[in-house]
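Visitor: I'd like to go over a predicted model; first the sequence, then the structure.
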Amino acid sequence: MRAVQETRDLLKTLRPSLHDDFLSVGAPFDYDIPELKFRLQGTQYSIYDEAIDAVFYRSRRSGSIVANNTYLSSFAYNVAVVWAAFGHEYDRLAQGEQCSLATLLRYNLKKFFAEQLLVRTNSIFARGIFLETLLYEERVMRPLFAAAESHTAEAVRHEFFSNFMSSILLFHEVGHMVQDARADFETLLLEELRRAGGREFSLPWKSYTEPLQIEFRCDTLAILSGRRLAPAEMPQDFVLRVTAFAFAVCACMIGLEKSAAATARKYPGDADADLLDDYRNILPGASFVIGKDETGLARAHSAAAVCEHLARADGDGSELFAGSEFPFRPEMIDGLAAFTLNTVDVADPEVRGLCELLARAFGGNPRGMRYLRLRSKVFLMPEDREKQRARFQIEERGISTQQH
Amino acid sequence: MEILDGSRFVFEFVGADKKFISELEAVFPDNDVVVRSSFSGAEIVSLVISLGKGVIGKLAGFLIQKRKTEAGRTIEIKYRDNSIKLQGFGGDDVVQMEAQLVELIHEMKGK
């Protein structure tokens, strides 16, 4: 008990922005990965923290600590829910047509960017685009979550998305432990890939530097471990497409996070005009930096190649990306990343203008903005889910009208 | 030095490799050293330490020795819900760096 309290105190020291309400009770974990002859033990927590910097800690005194950040997994989960419903519209999105997929993705990606910006700066622009998502766009997500509540099959899949997205991030970090403990990590992965895919796998990451190759290896471990979590009745090709998609989303997430950091550095908001002195001017700080994370994209392509290889155990692998349920093809990785570049652009000048006025009015009221950010989500506590998980989940469902 | 009162601080080092980590652990055998990694690939090392007599000087000496150039030094100091990031600091002698760190700690503790 004392050890658990120590790890909790340590986590709070390392993550000073973490509020007590968003740190779960610690639970011991014991992961056995027999294929890799590896066993990992430690303490895990669920946290909700918009700082997306870390999920795995190796402490000399307290051992391994997992901080399963549901902020990350809930974003990926929401995008997966969107894709499950409207992924079939991808070709329209790629051609720049307005469609449900474009609307829903834009909302989620813009909100993530806005939140990452608000973590770093309280500029009028950051507040403005956050309010835009909250007041004008979040309602488009509600029917998707409502469908999950009324259709059992949908609920099962949504539950799977939620668990799966968390697990991919977690198993990636477990991979770092394996990497540290086993000099033959890559050899073990190759053996496992040959066994699971029924043939040799050509590693797509050998041209990268060693630190980056480690990330690719950890991704591969996450894929191999994560797919075992799928319910037995869930088709493997569906699970593998979800997996490839998860890595594409993570690449977008990393790109947006870095873009928000670059925007905050370049346009910190300190010089934003005073509310009354300069109210006629256009939205200050409306310039922003946005880009793609090329390494993240390379990792997503590698993940897709691993998924295709694993699909070969049941055939030649070519039909994996032809599946119509949760459609996903490797070229969509770059298509999604390209789409992120336009998500913050002004779609409706009148809406942006109104949000600018509100953003100005929120000047000097950071608690008010935090209140809106928290109320823009639904927090599900352990008692709402299966209690043995000892963690909470978070889903974004617009402004909550219920207390959880 | 009333500020060195046992308050728990975190000193984070960006760009630390395994050699740096083991050297840090050797210099501070009684303190916790935590390595944290994230999906994006960033790995950061934290020294969790209760401030006391000699600690700041020891840390300054370590940094001067292991991070030879001022430009190569990047650390972040965390105390409760405050944090300050420093890039390229410390000059070229221990006393100068120690003075800078103490000043920052004063600032973070609001004294």
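Guide: The structure has been received and is ready for your questions.
Visitor: and the longest helix seen in chain B, how far out from the chain's middle?
Guide: Ranked by residue count under DSSP state H, the longest helix found in chain B is helix B:94-108. Distance of helix B:94-108 from the chain centroid (C-alpha atoms, centre = their mean, to the nearest Å) equals 11 Å.
Visitor: any residue of it touching chain A?
Guide: No - Helix B:94-108 lies out of reach of chain A by C-beta under 8 Å from any C-beta of the partner chain, never closer than 10.9 Å. Placement of C-beta: from N, CA and C, glycine included.
Visitor: and that helix, C-alpha only, in CSV?
Guide: Presented in CSV, the C-alpha positions along helix B:94-108 are these (Å, rounded to 0.1, in the frame of the first residue of the first chain):
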residue,chain,number,x,y,z
VAL,B,94,29.9,26.1,-11.0
VAL,B,95,29.4,29.2,-8.9
GLN,B,96,27.7,31.1,-11.7
MET,B,97,25.4,28.1,-12.5
GLU,B,98,24.7,27.5,-8.8
ALA,B,99,23.7,31.2,-8.4
GLN,B,100,21.3,31.0,-11.4
LEU,B,101,19.7,27.8,-10.1
VAL,B,102,19.2,29.3,-6.6
GLU,B,103,17.7,32.4,-8.1
LEU,B,104,15.2,30.4,-10.1
ILE,B,105,14.3,28.3,-7.1
HIS,B,106,13.7,31.5,-5.1
GLU,B,107,11.5,32.6,-7.9
MET,B,108,9.5,29.4,-8.1
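Visitor: for that helix, packing partners?
Guide: With contacts taken as 3 or more C-beta pairs under 8 Å, 6 or more residues apart in numbering or on different chains; DSSP states H and E, helix B:94-108 sits against helix B:55-66, strand B:74-79, strand B:82-87.
Visitor: and the first one with chain A, contact?
Guide: Read it as helix B:55-66. No - counting by C-beta under 8 Å from any C-beta, chain A has no neighbours in helix B:55-66; the shortest distance is 15.9 Å.
Visitor: up against chain A, what does chain B have?
Guide: Residues of chain B lying close to chain A (C-beta under 8 Å from any C-beta) are B:8, B:10, B:25, B:32-42, B:44, B:46, B:48, B:78-83.
Visitor: go again using 7 Å as the cut-off
Guide: With the criterion set to C-beta under 7 Å from any C-beta of the partner chain, chain B comes near chain A through B:8, B:10, B:25, B:32-42, B:46, B:48, B:78, B:80-81, B:83.
Visitor: narrow the residues you listed to just the buried residues.
Guide: With burial judged by 16 or more other C-beta atoms under 10 Å in any protein chain shown, the buried subset of the residues of chain B next to chain A is B:10, B:32-41, B:46, B:48, B:78.
Visitor: what comes up buried for the longest helix of chain B?
Guide: For helix B:94-108, by 16+ other C-beta under 10 Å, it's B:94, B:97-98, B:100-102, B:104-105, B:108.
Visitor: go on, stretch B:46-66?
Guide: B:46-49, B:51, B:55-56, B:59-64, B:66.
Visitor: and the most far-flung residue of chain B relative to its centre, what is it in contact with?
Guide: Relative to the mean C-alpha coordinate of chain B, counting by C-alpha atoms, centre = their mean, the farthest residue is residue B:39 (24.2 Å). Applying C-beta atoms under 7 Å, 6 or more residues apart in numbering or on different chains to residue B:39 gives the contacts A:55, A:169, A:172, A:250.
Visitor: among those, name the ones in helices.
Guide: A:169, A:172, A:250.
Visitor: just the pLDDT at the second one, thanks.
Guide: For residue A:172, the model assigns a pLDDT of 89.
Visitor: mind listing what's buried in the helix or strand where residue A:9 lies?
Guide: Using DSSP states H and E, the element containing residue A:9 is helix A:2-14. Within helix A:2-14, the residues that count as buried by 16+ other C-beta under 10 Å are A:6-8, A:10-14.
Visitor: which of the ones in helices among the contacts of residue B:39 are close to chain B?
Guide: Answer for those near chain B (C-beta under 7 Å from any C-beta): A:169, A:172, A:250.
Visitor: chain A versus the most centrally placed residue in chain B, what's the distance?
Guide: Centroid-nearest residue in chain B, with C-alpha atoms, centre = their mean: residue B:11, separated by 3.7 Å. Going from residue B:11 to chain A by C-beta to the nearest C-beta, to the nearest Å gives 11 Å.
Visitor: surely that residue touches residue B:75?
Guide: Yes - the pair residue B:11 and residue B:75 passes the contact test of C-beta atoms under 7 Å, sitting 5.7 Å apart.
Visitor: about what we covered before: most surrounded residue in the contacts of residue B:39?
Guide: residue A:172 (28 neighbours; other C-beta atoms under 10 Å in any protein chain shown).
Visitor: against residue B:30, how distant is that one?
Guide: To residue B:30, residue A:172 is 32 Å away according to C-beta to C-beta, to the nearest Å.
Visitor: and the strand ranked longest in chain A, what other elements does it pack with?
Guide: In chain A, with assignment by DSSP state E, the single longest strand is strand A:38-47. Applying 3 or more C-beta pairs under 7 Å, 6 or more residues apart in numbering or on different chains; DSSP states H and E, one finds that strand A:38-47 makes contact with helix A:2-14, strand A:27-33, strand A:63-69, helix A:152-181.
Visitor: and the next helix or strand after that strand, how far out from the chain's middle?
Guide: Using DSSP H and E, the next helix or strand after strand A:38-47 towards the C-terminus is strand A:56-59. Mean-position distance between strand A:56-59 and its chain equals 20 Å (C-alpha atoms, centre = their mean).
Visitor: then stretch A:237-253?
Guide: Put simply, stretch A:237-253 sits 10 Å off its chain's centre (C-alpha atoms, centre = their mean).
Visitor: who in chain A is up against chain B?
Guide: Residues of chain A lying near chain B by C-beta under 7 Å from any C-beta: A:10, A:13-14, A:16-17, A:53-61, A:169, A:172-173, A:176, A:215, A:250, A:254.
Visitor: contacts only, for residue A:13.
Guide: Neighbouring residues of residue A:13 by C-beta under 7 Å, 6+ apart: B:8, B:10, B:48.
Visitor: and the host helix or strand of residue A:130, what does it pack onto?
Guide: Using DSSP H and E, residue A:130 falls within helix A:124-132. If contacts are counted by 3+ C-beta pairs under 7 Å, 6+ apart, helix A:124-132 sits against helix A:100-120, helix A:349-361.
Visitor: would you tell me which one of the ones you listed is buried the most?
Guide: Mean neighbour counts were taken over the helices and strands packed on helix A:124-132 using mean count of other C-beta atoms under 10 Å in any protein chain shown, and the top value, a mean of 22, falls to helix A:100-120.
Visitor: compute the inter-axis angle for that one and helix A:124-132.
Guide: Interaxial angle of helix A:100-120 relative to helix A:124-132 (axes from the mean of the first three to the mean of the last three C-alpha atoms, to 10 degrees): 140 degrees.
Visitor: residues contacting residue A:144?
Guide: Shown in contact with residue A:144 (C-beta under 7 Å, 6+ apart): A:81-82, A:85.
Visitor: from the residues you listed, which is closest to residue A:65?
Guide: Of all the contacts of residue A:144, residue A:65 sits closest to residue A:81, with 29.5 Å by C-beta to C-beta.
Visitor: from residue B:85, how far off is the closest one?
Guide: 36 Å.
Visitor: looking at those two, which is more packed in?
Guide: Neighbours were counted for residue A:81 and for residue B:85 using other C-beta under 10 Å; residue A:81 has more, 24 against 11.
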